[in-house]
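Asker: How does the following fold in three dimensions:
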Amino acid sequence: MTPRTDQPGAKRVTRRRAETRQRLLDAALDVFADNGFGRSTVEQVCERGGYTRGAFYSNFASLDEMFLAMWEQRSRQLVEDFTAAADRVAAAGAAAQADDMLAAVTTQMADAVPVDDRWYRVNAEFTAHALRTPSLKKALAAREQAITAALVQVVRRLLAAGGRRILGDPADLGRALVAVHDGTSVQCLVEPDDARVWDLRRDLFVRVLTSYSEPVEGDRE
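Answerer: Predicted coordinates:
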């Protein structure tokens, strides 16, 4: 008989399974970052996490599926962090002037989308792998579009609070912001102690936001 999900025993199993899945994901990030995605194995992930192959395959069909699950988890957290930061800016009335609001938006974007050395390496390696695999390439593109659209919605609210609105297709703004993040991340990781590189990163975000938005005439959105 299949246990009912509202029974205490079923809740414990569900919690245990979630914990196992999370520990495997945490272990995988360490393994991927240390060894490189292409040189990592299921056995290495299981050894790092302290689980058997059976535990792995009861949660993931492959390392590819595991990475996509890891990517989605990080993406959800990014949206949550960015949304919370945006709420703080709006609640504080971060700026009476549009230029101040753009600076505030940029600061929140930079803080909520950090430059992470380990994640950048893992993500870059998986992206290269996905480019050689049509099905993965398509799946990754769909996920990128979804996360970018979610972030753009938050940016839209912040711009509106500063009396501006997105100019043209919001997707174009999203792609431009992603391009700035990806490009400047490499520079920041290569020269982490050069303040000019970090200042340039923020300046480019402001320039993109300015170029892809316009002042609202009359009432704000």
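
Asker: alpha carbons only for contacts and neighbour counts from here, please
Answerer: Noted.

Asker: looking at this, Glu214 is in a helix?
Answerer: No. Glu214 is assigned strand when assessed by DSSP: H, G, I helix; E, B strand; the rest coil, not a helix.

Asker: okay but it is in contact with Arg164, surely?
Answerer: Yes. Taking contacts as C-alpha atoms under 8 Å, Glu214 lies within contact range of Arg164: 5.3 Å.

Asker: Tell me which of those two has more neighbours.
Answerer: Legend: neighbour count by other C-alpha atoms under 10 Å for Glu214 and Arg164, higher for Arg164 (24 against 16).

Asker: bridging residues for that one?
Answerer: Pro215 (DSSP bridges).

Asker: What pLDDT is listed against it?
Answerer: On pLDDT, Arg164 comes in at 86.

Asker: again with the one 3 residues further on
Answerer: At Leu167 the predicted local distance difference test score is 95.

Asker: What count of nearby residues applies to it?
Answerer: 15.

Asker: so it makes contact with Glu214?
Answerer: Yes. With contact defined as C-alpha under 8 Å, Leu167 reaches Glu214; the gap is 6.0 Å.

Asker: Could you chop this protein up by domain?
Answerer: Domain assignment for the chain by automatic domain parsing gives 1-60, 62-215.

Asker: The chain: strands as residue ranges?
Answerer: In the chain, the strands defined using DSSP state E lie at 164-166, 213-215.

Asker: In CSV: those strands, plus distance to Gln44.
Answerer: Output for the strands of the chain, formatted as CSV (distance: least, C-alpha to C-alpha, whole Å):
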stretch, distance to Gln44
strand 164-166, 46
strand 213-215, 48
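
Asker: Leu102: which of those strands is closest?
Answerer: For those, distance to Leu102 was read as C-alpha to C-alpha. The smallest value, 9.3 Å, belongs to strand 164-166.

Asker: Where does the prediction get shaky in the chain?
Answerer: Confidence mapping of the chain against pLDDT under 70 gives the ranges 1-13, 92-101, 218-221.

Asker: Distance-wise, check the residue most central in space within it relative to Ala103.
Answerer: When C-alpha atoms, centre = their mean is applied to the chain, the residue found nearest the centroid is Ser75 (3.6 Å). Using C-alpha to C-alpha, to the nearest Å, Ser75 is found at 23 Å from Ala103.

Asker: before we move on, what about Glu125?
Answerer: Applying C-alpha to C-alpha to Glu125 and Ala103 gives a distance of 33 Å.

Asker: Please apply the same query to Ala150.
Answerer: From Ala150 to Ala103 the distance is 20 Å (C-alpha to C-alpha).

Asker: And Arg39, by the same measure?
Answerer: 42 Å.
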